[in-house]
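Asker: how would this look folded up:
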Amino acid sequence: MADLPPFHLAFPCLDVDEAAAFYEGLGCTLGRRNDHAAIIGFFGHQIVAHRAPAIEPQHGIYPRHFGVMVDLATLDRVEAALRRLNPTQTTRALRFEGEPIEHHSLQSRDPSGNVLEFKTYTDPQAAFVDRGDARIGDLPS
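Answerer: Below is the predicted model:
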């Protein structure tokens with residue numbers, strides 16, 4: 001999986017400066033930027049915060065969220081940063097404990113309310129291999 005190309009994701013933000021500061025606080029790098037958008041280096045990928053006049057509030061993590069799968073040490077570092085940046089909106093759980101799809105899930109929100117999720121699977125292949133388990137998230141399959 002290490003040879004996969006970086007992905008690109010564009011997402012809405014209410015304030016470009018606030019979004020840039022938040023993601024920089026996570027350890028992300030800032031690229032080109034103007035009053036309407038900021039390019040952000042996000043764990044080897046490119047995300048772009050585009051200013052929007054309003055964002056429909058989302059209750060819970062579904063249906064829209066984004067993040068990356070990282071090793072446990074990186075997850076711990078990201079959690080520490082998120083707890084500094086947004087302590088009341090940051091949660092971490094061990095999901096499906098003892099099962100083939102066991103993983104740590106770290107969730108938070110950026111200043112515009114975009115939901116972020118970072119994951120560490122006990123078995124890194126578990127996210128990609130069908131083991132006959134159709135559970136995804138908290139929704140009934």
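
Asker: can you list the residues that contact the longest helix along the chain?
Answerer: Across the chain, the longest stretch assigned as helix under DSSP state H is helix 72-85. The contact list for helix 72-85, computed with CB atoms under 8 Å, 6 or more residues apart in numbering, reads 22, 25-27, 70, 90, 92, 104, 106, 108, 116, 118-120. C-beta: built from backbone N, CA, C; applies to glycine.

Asker: could I get the residues you listed as TSV with secondary structure, distance to Ile55 and neighbour count?
Answerer: Formatted as TSV, the contacts of helix 72-85 follow (DSSP: H, G, I helix; E, B strand; the rest coil; distance: CB to CB, whole Å; neighbours: other CB atoms under 10 Å):
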residue	secondary structure	distance to Ile55	neighbour count
Phe22	helix	14	25
Gly25	helix	20	13
Leu26	coil	19	19
Gly27	coil	24	13
Val70	coil	26	17
Thr90	coil	19	19
Arg92	strand	24	16
His104	strand	27	18
Leu106	strand	22	21
Ser108	strand	16	26
Leu116	strand	14	23
Phe118	strand	21	22
Lys119	strand	24	17
Thr120	strand	28	20
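
Asker: from those, which is closest to Glu56?
Answerer: Glu56 has its nearest neighbour among those in Leu116, at 17.0 Å by CB to CB.

Asker: My guess is the closest one contacts Thr90. True?
Answerer: No. In this structure, Leu116 is not within contact of Thr90 by CB atoms under 8 Å, at 9.2 Å.
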